[in-house]
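S.K.: Predicted model, plus sequence, below.
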Amino acid sequence: MRLLLTLLLWIQRYCDDARADGSMSEDGDAWLHRRFVELLERDFARHHDVDHYEDLGA
């Protein structure tokens, strides 16, 4: 499990770097994922329910 999480983290960092230097475009799915990660990091200590995160795209 740790190996999978490490791999996913490396992929996320690679994509973030590629977007930052302009070699990868920002589509709606990437924006939604980035927004979800920001919200999750900010609110996870207080909110563990799906209802809190479901209106993310609105």
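M.R.: It's in.

S.K.: tell me what the helix or strand harbouring A18 is packed against?
M.R.: For A18, the host element (DSSP states H and E) is helix 2-20. Contact partners of helix 2-20 among helices and strands, from 3 or more CB pairs under 8 Å, 6 or more residues apart in numbering; DSSP states H and E: helix 28-43. All C-beta atoms are positioned from the backbone trio N, CA, C, and that covers glycine.

S.K.: Name the residues that touch whichever helix or strand comes after the helix it packs on?
M.R.: Next in sequence after helix 28-43, counting helices and strands by DSSP H and E, comes helix 50-53. Helix 50-53 has contacts (CB atoms under 8 Å, 6 or more residues apart in numbering) with F36, L39, L40, D43, H47.

S.K.: I'd like the residues you listed as CSV, with neighbour count appended.
M.R.: Output for these, formatted as CSV (neighbours: other CB atoms under 10 Å):
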residue, neighbour count
F36, 13
L39, 14
L40, 13
D43, 12
H47, 13
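
S.K.: rewinding a little: could you write out the alpha-carbon coordinates of the helix holding A18 in CSV?
M.R.: Extracted C-alpha coordinates of helix 2-20, given in CSV (Å, rounded to 0.1, in the frame of the first residue of the first chain):
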residue,chain,number,x,y,z
ARG,A,2,2.8,2.4,0.8
LEU,A,3,4.4,1.8,-2.5
LEU,A,4,1.2,2.6,-4.3
LEU,A,5,0.7,5.8,-2.3
THR,A,6,4.4,6.8,-3.0
LEU,A,7,3.9,6.2,-6.7
LEU,A,8,0.7,8.3,-6.8
LEU,A,9,2.4,11.1,-4.9
TRP,A,10,5.3,11.1,-7.4
ILE,A,11,2.8,11.2,-10.3
GLN,A,12,1.0,14.1,-8.7
ARG,A,13,4.2,16.0,-8.2
TYR,A,14,5.2,15.3,-11.8
CYS,A,15,1.9,16.6,-13.1
ASP,A,16,2.1,19.7,-10.9
ASP,A,17,5.6,20.5,-12.2
ALA,A,18,4.5,19.9,-15.8
ARG,A,19,1.5,22.3,-15.4
ALA,A,20,3.7,24.9,-13.7
